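Visitor: please find the sequence and the predicted model below.
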Amino acid sequence: MEGIEHRIVEVNGIKMHIAEKGEGPVVLFLHGFPELWYSWRHQILDLSSKGYRCVAPDLRGYGDTDAPPSITSYTSFHIVGDLVALIKWLGVEQVFLVAHDMGAIMGWYFCMFRPEIIKAYVCLSVPFVRRNFKVPTVDAMRAIYGDDYYICRFQEPGKMEAEMGEVGTEYVLKNILTTRKTGPPILPKGEFRTGFNPDMKEALPSWLSPQDLAYYVSKFESTGFTGGLNYYRNFNLNWELHAPWSGVKIKVPVKYIAGELDMVYTSLGMKDYVHGGGFKEDVPNLEEVIIQKGVAHFNNHETAEEISNHIYDFIKKF
């Protein structure tokens, strides 16, 4: 795509695929589930034309990056460790961080562990969530949402993979990427079936072409979904590992952007946290909160140009 270069680099004991374009300060993009470096194709082209070196990896377990077999090889320490090593390979001291969905969660951990590396953070969809002192993450989610909440359903190794296999890779990807359903995703008992999007339409939305979907399908047909699901399977282990950071404040400058129909933003208590002072308390240098009218979870696709502009308007100040 228009001069985007691809390479495999060795970081933190794995081979990582990165897509790169441009020269200047580095903007590091972290994708979510079930996505790839490709999710940032529009932003890479836009920001590289404005004087930035854009770098988007396939995260551990995704696409053309290695996928270690052990579930416990996908903790926050592993993912952030990969990124620290990648930045060292890039030969820079600091980066601008842009992240969405699960990438956004890993972005918060990156800011928590190594804030000196991050000049500023543009976070899409998932705000910082303070650590519960008493209850492990998945246990808390199960208590609030029940056993059919998607993260609870993702926990058992192999089970969700089998359910996704029954409906097929293309169906799963189309179902998730096109969903506009608000509130916490609750999956049908014992099967993926309607999954995240019970109202899935035959036609793709304007912002997701058949070629785009085909690219995702080709990669996930090859890798399967286990690597991505393993991130969720480490939520309780991450909760244990993060005990030393309980109560930490994120000091990095932050801009937060979510669609008003986003499944995370519209889940229980999230709006109150974002707008009621809790988010700002935990992230003192939260400079902007942007809620996009009529936009759903995958806002980096759906409103690609607007997201690029939001990123540029924020990072150009630093």
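Guide: Perfect, thanks for sending it.
Visitor: okay, the nearest residue to residue 41 once chain neighbours are set aside: pLDDT?
Guide: Taking Cβ to Cβ, 6 or more residues apart in numbering as the measure, residue 41 lies nearest to residue 1, with 5.8 Å between them; neighbours along the chain are not counted. Bear in mind the C-beta positions are built from the backbone N, C-alpha and C, glycine included. Looking at residue 1, its pLDDT reads 70.
Visitor: what sits against residue 1?
Guide: By Cβ atoms under 8 Å, 6 or more residues apart in numbering, residue 1 lies in contact with 41, 44, 45.
Visitor: do the same with residue 27
Guide: Under the criterion of Cβ under 8 Å, 6+ apart, the contact list for residue 27 reads 47, 52, 53, 54, 55, 95, 96, 97, 98, 311, 315.
Visitor: how many neighbours does residue 41 have?
Guide: 22 (other Cβ atoms under 10 Å).
Visitor: what helix or strand is it located in?
Guide: Using DSSP states H and E, residue 41 sits in helix 41-48.
Visitor: got the buried residues for stretch 12-32?
Guide: 12, 14, 16-22, 25-32 (16 or more other Cβ atoms under 10 Å).
Visitor: swap that for stretch 129-149, sorry
Guide: Along stretch 129-149, the positions that meet the burial threshold by neighbour count (16+ other Cβ under 10 Å) are 129, 130, 131, 137, 138, 141, 142, 145, 149.
Visitor: please apply the same query to stretch 264-277.
Guide: In terms of neighbour count (16+ other Cβ under 10 Å), stretch 264-277 has its buried residues at 264, 265, 266, 267, 270, 273, 274.
Visitor: okay, how far is it across it, tip to tip?
Guide: From its first residue to its last, stretch 264-277 covers 18 Å (Cα to Cα, to the nearest Å).
Visitor: show the average pLDDT along it.
Guide: 96.
Visitor: for stretch 84-104, what is the distance to the chain centroid?
Guide: 13 Å (Cα atoms, centre = their mean, to the nearest Å).
Visitor: for that stretch, measure first residue to last.
Guide: With Cα to Cα as the measure, stretch 84-104 spans 16 Å from end to end.
Visitor: ok, now stretch 54-63?
Guide: Length of stretch 54-63, first residue to last, Cα to Cα: 18 Å.
Visitor: cool, stretch 14-34 as well?
Guide: Per Cα to Cα, the first residue of stretch 14-34 is 20 Å away from its last.
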